[in-house]
Every structure is written in C-alpha cells, then in structure tokens.
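**Q** Okay, here's the prediction I keep looking at, along with the sequence it came from:
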Amino acid sequence: MSRESYDAVPYPARAFFETHPQNLQTVATVYGLTPPPIETARVLELGCAGGGNIIPMAYALPGATFVGIDYSPRQIEDAKRVADAVGVNNLALHATSITDITPDFGRFDYIIAHGVFSWVPHDVQEAIFRVGRENLSEHGVTYVSFNVFPGGYTQLWLREMLMFHAPPGSAASGSERVRHAHEFFDVAMQSLRAHGHPSADVLSRGMIPRDQPEAQILHELFEDSNEPMYFQDFARRAGEHGLQYLADAGTNEAPFEQSIPVVKALLDSIDPQDVIRREQYLDFLRGNQFRRALLVHSDRVVDRKRLRERVEQLFVLTMLQTDAPPDAIASEQQPVEFVKHRGPGLTVKGRLNKVVLAAICDAHPRAVRVGELIDRAAEALKIPAADLPAQRARAVDVMLGAWLTGVLVFYVTPPPRARLDAGERPEASTYARYQCANRQRQLINLRHEVINMPDAMLPLLQLLDGTRTRAQLADAVIASNFLGPPSQFPNRSAMSDAARRTVEEILQNGAKYGLLVG
C-alpha cells in the first residue's frame, strides 16, 4: 500500500455491518465466549480511511471509546472533519502505520482490520497479528478480512491482466487507468466468449462492477500489494502469534452444504475439532474469494456444541416480510416464503418455525428475545410438551441458518439508541442528516446498516433536526415543492393533507430503518 496513492485518491467512505462490535460480540457469544459489553468497549480500527466505518459506530455508541488509525494523513484529516461535523467526541484519529503500534498504545476489546490485510506487505500483515496479540484485551475479539484462494486466483488473473494493460508508473491518471481497465476487460471477455472459453464466466465474477467508485477499483486491483492466501495459512500464521480462529463475521452460507448429500458426507467425515481443515474444505467447495475472520487469544475456550441454548438468550431482528395468509402459516407442511426488498429470502415449513418468523417480522424494528418468541408461539399453537423439545430445536436451527446467511440478525442486547417512534419534535441522527446534506444516498443508520434513500427524500430527512413539530414539517414539505406544483391539488386543504401524509411516511420509515433519535 502506498501512502501517496491514498492521499491522492482516498478510499470511498463506507460502513460494514459485519465489522461492528455488536456483531463481533454476538458471534463470540454464540460460540461460548464472554466478550466485553459494547456499550463501554474500547475499539481500535486499523486502516480506518476517511472514517466511513468507525465514525457512525462511535456516534451510535457514545459510552464506548474508539481509536482509528490510517497511513494516509489526508484520509485522517477527512475523518476528523466529519467527526467534528457530527459532534463525535469519543473518537481519536491518528495518521500512523500499523507497524508503529506498541503495547503502550493501549488494550482494546475489539480490533477491526477490514480491507487491509491483503493489500499490505508481509511485515505489515505480521504487525496486524502482533497488534491482535499485544493490544487485544483478555476476552476481546479481532476482526481481519482478507482475500483467499481458490476464489482469489480469479482476481489475481484479472489484476495481472489489467496491470499489464495499464501498468503502474504509466502517464495515465487514475481515472484513465480505470477506463482502460474496463475497455480491455470488455475486449478480453468478447474474445474468450467468441472462442467458447469456459473461463469467461469465471473471469467476469472477478471484475468490480462499473457502478462502483473508481477509487475502489484503483485500490482493490492496482495497489502494489494484493496477496490472497489459503485460509489454513492465515490460521497458521495467526496461531504463531497466539491467536486462534473463532468464526467468520460475515455470512457463511453454511446450511447450503447440508442439502448436498455428498458434500455433507465429506464434511461429516472431518474431525469436529479440526475447525481449520473443515473451513479450508468449505473454501474449496464454495470457491471463496473473501474471508472475514474473527480471532481471539489462543487460551480462550471455544464451545461449538451448545449453540441452540445460547441463541435462545439472544435478541433477533429481521427486515423479512411475508404476505402469506394465516392459514398458510398455521399449516404444518405448506411452505411459506419470507422475503426482503433486497438480498436473500427464506422459505420455511413447520408451524412453529413459521409462526416464530412471522412474529419476528411483525416486531420489526423492535428486537425481541428468541426464547420468549418460541415460548409464546408454542403456547399459542398448543404444542404438546412431549413434542416441544424437537420442534423448539428445529425452530432455533432455522434461525441459526437464517443468521448464517445474513437473513436475520442476532444481538446480545437490543440495538443501541435508535428511537422506535417519532417524538413531538422528531429528530433524525446527526450522522444521517450530515450524509443527507452531502447528498449521500446510502445512509448509515444506528444499527450500522446501509439504507438506500431516494434523492428526493434527502432534503426532507435533513428537516428532522428536533426543532420542528409535525405541523411545521408539513409546512416545510409544501415550501420545498416536494409535492409538486400547488395547481395539481384542488385546494389548500388537500395539499396540506398530502404534506401531513408525507411527513408521517418519512417518520415511519425513519423509525423502521433506525434513523430516529428523538
């Protein structure tokens, strides 16, 4: 990684839900550990760039302490400006190298290194492991994402091809290199497809989509360092530094393998204690390209057996919905589809499973405890005591599978700070309003989720600053011409009614998507 390259072209400011301490805490809890509470945690992000990930975390957890470092002074200055603008005062930002961090830097409950490991030289990778050992608290969790083989071979092929076509040190600017990359990629794809070469489809999956920021393409494909590795080699190196692999923080699609008999037989043949071997096989079987590994100290005792028991103590939240009628949900065999606006859905059989998932959907945006949901559903369905343990286990397994595929989210404690209804003078989060003011359509909510908002809604969300009543907000909607010209309404009363409905819709969505604080 070159300091100059990131000073010249800062990495796009983005948030990654899987890196949030609440997610790391949950994963560690599911596997039998007792990670520190996030409300008062000390959190370190290595390679924080312009603060797009760490600033909304610090904003949502004002009782926690955050430290972000980045090698690029420009990106740190950018992050400081944003943190000051949104009033975050529990965050320290430093322009420094990971190799300069010593034990004197302090100990942290959660250490995050997202999008760094594969793009830095070997000595910096070793420093990430060292920081994970020396600066991680006794019960803490370190997150490290990195590119892995075998999927990484596709990206290496693409990278080497594009580096040949638009080599470093050429006179081309960053924008020109990206344009040349897309042009040559199109030529290569046409040639491979014309020859009927089977690698065409493989190579196409390695290219970053054209709608991604050019800075992302430059840094992910054209940096000096870009080194995928096999998962087992990563785990071995972590072990040499006194760290052990816990689990992945992102979606693993684990239930998929269980539906393929020969794959299930292979996985079942592996010693359950040999987690690294199993995970390496999974990378081969899935063609994985990217990992989000969680590491803990080697002396921590991980329990991978009593997952159901621990899941019942967690809170659950999902943005799934279903339009299935009550009789379909109450049917034992009829499958019901639960879907969300974007991303994967879930098809479920079994009365208890469906009733529990429907209750989770209905509760949104409130997080509810898993065990209590199952108790209420079992009582409503009058499930005989003799049948309940088996059905209960199946219901938890459905939720575990949905969690592993990213369809629902578990929490150790309910998500922080977000208000579930609008007050008398509604207020959206300062961070979301800052994003609106800067015409950023992808807003980061208080649950660290990315919410896509239409451009027209951004000025209206900015109005939710806690100073206006609903009536005043309706007047502001009219004044903004959001509703269109007054001539399209039969009278002023009709236009006022439309403005009030618009305000209520904004407030309902603000609560639903975790954007309200007051």
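**A** Received, thanks.
**Q** tell me which element V262 falls in.
**A** The secondary structure element spanning V262 is helix 261-268 (assigned by DSSP states H and E).
**Q** after that helix, next one along is what?
**A** Taking DSSP H and E as the definition, the helix or strand that follows helix 261-268 towards the C-terminus is helix 275-286.
**Q** What helices and strands are in contact with that next one?
**A** Of the remaining helices and strands, those touching helix 275-286 by 3 or more Cβ pairs under 8 Å, 6 or more residues apart in numbering; DSSP states H and E are helix 231-240, strand 243-248, helix 254-258, helix 261-268. (C-beta placed from N, C-alpha, C; glycine too.)
**Q** And the protein, split by domain according to the record?
**A** When the chain is parsed into structural domains using automatic domain parsing, the resulting residue ranges are 3-148+228-297, 152-221, 308-411, 430-512.
**Q** how long is the third one end to end?
**A** Between the opening and closing residues of domain 308-411 there is a gap of 14 Å (Cα to Cα, to the nearest Å).
**Q** Number the chain from 504, please
**A** Fine by me, first position is 504 from now on; the one you just mentioned is domain 811-914.
**Q** Turn the helices and strands packed on helix 778-789 into CSV, columns for distance to S983, mean neighbour count and mean pLDDT.
**A** As requested, the helices and strands packed on helix 778-789 are arranged in CSV below (distance: least, Cβ to Cβ, whole Å; neighbours: other Cβ atoms under 10 Å; pLDDT from 0 to 100):
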stretch, distance to S983, mean neighbour count, mean pLDDT
helix 734-743, 52, 17, 98
strand 746-751, 45, 22, 97
helix 757-761, 47, 14, 62
helix 764-771, 56, 11, 89
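**Q** right, and the ones you listed - which one's nearest L547?
**A** Between L547 and those, the shortest gap by Cβ to Cβ is with strand 746-751, which sits at 15.0 Å.
**Q** Now find how far off-centre that closest one is within its chain.
**A** Relative to the chain's own centre, strand 746-751 is displaced by 18 Å; criterion: Cα atoms, centre = their mean, to the nearest Å.
**Q** quick one: that strand to helix 734-743, angle?
**A** Strand 746-751 runs at 130 degrees relative to helix 734-743, counting by axes from the mean of the first three to the mean of the last three Cα atoms, to 10 degrees.
**Q** same for strand 746-751, what does it pack against?
**A** helix 524-533, helix 625-637, helix 734-743, helix 778-789, strand 793-800.
**Q** closest to L976 out of these?
**A** Taking the helices and strands packed on strand 746-751 one by one with Cβ to Cβ, helix 524-533 is closest: 31.0 Å.
**Q** Could I get the phi/psi values of the nearest residue to E835 once chain neighbours are set aside?
**A** Excluding the flanking residues, the one nearest E835 by Cβ to Cβ, 6 or more residues apart in numbering is R854, at 5.2 Å. Main-chain torsions, R854, degrees, to the nearest 10: phi -60, psi -50.
**Q** could the helices and strands packed on strand 746-751 go into JSON lines alongside distance to G1021?
**A** Supplementary listing: the helices and strands packed on strand 746-751 in JSON lines, determined by distance: least, Cβ to Cβ, whole Å:
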{"stretch": "helix 524-533", "distance to G1021": "21"}
{"stretch": "helix 625-637", "distance to G1021": "38"}
{"stretch": "helix 734-743", "distance to G1021": "43"}
{"stretch": "helix 778-789", "distance to G1021": "44"}
{"stretch": "strand 793-800", "distance to G1021": "34"}
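**Q** quick one, which of these is nearest to V912?
**A** Checking those against V912 by Cβ to Cβ gives helix 524-533 as the closest, at 7.9 Å.
**Q** could you give the mean pLDDT of that closest one?
**A** Averaged over helix 524-533, pLDDT sits at 97.
**Q** and that helix, how far from the chain's centre?
**A** Relative to where its chain is centred, helix 524-533 has its mean C-alpha point 13 Å off (Cα atoms, centre = their mean).
**Q** between it and strand 793-800, what angle do the directions make?
**A** Put simply, helix 524-533 runs at 60 degrees to strand 793-800, going by the same axes, to 10 degrees.
**Q** Check which element follows helix 524-533 along the chain.
**A** Going down the chain from helix 524-533, the next helix or strand is strand 545-549, by DSSP H and E.
**Q** Mind listing residues that contact whichever helix or strand comes after that next one?
**A** Toward the C-terminal end, the helix or strand that comes next after strand 545-549 (DSSP H and E) is helix 557-563. Among residues not part of helix 557-563, those counted as contacts by Cβ atoms under 8 Å, 6 or more residues apart in numbering are 518, 523-524, 546, 548, 551, 567, 569, 571, 582, 585-586, 589, 591, 593-594, 615, 919-920, 932-934, 947, 949-951.
**Q** Could you say which of the domains of the chain is packed most deeply?
**A** Most buried of the domains of the chain by mean neighbour count (mean count of other Cβ atoms under 10 Å) is domain 506-651+731-800; its value is a mean of 19.
**Q** Sketch out the helices for the stretch 854-1003 of the chain, chain order is fine.
**A** Counting by DSSP state H, counting those that start in this stretch, the stretch 854-1003 of the chain has these helices, from start to end: 854-866, 873-884, 891-907, 933-940, 961-965, 973-982, 995-1015.
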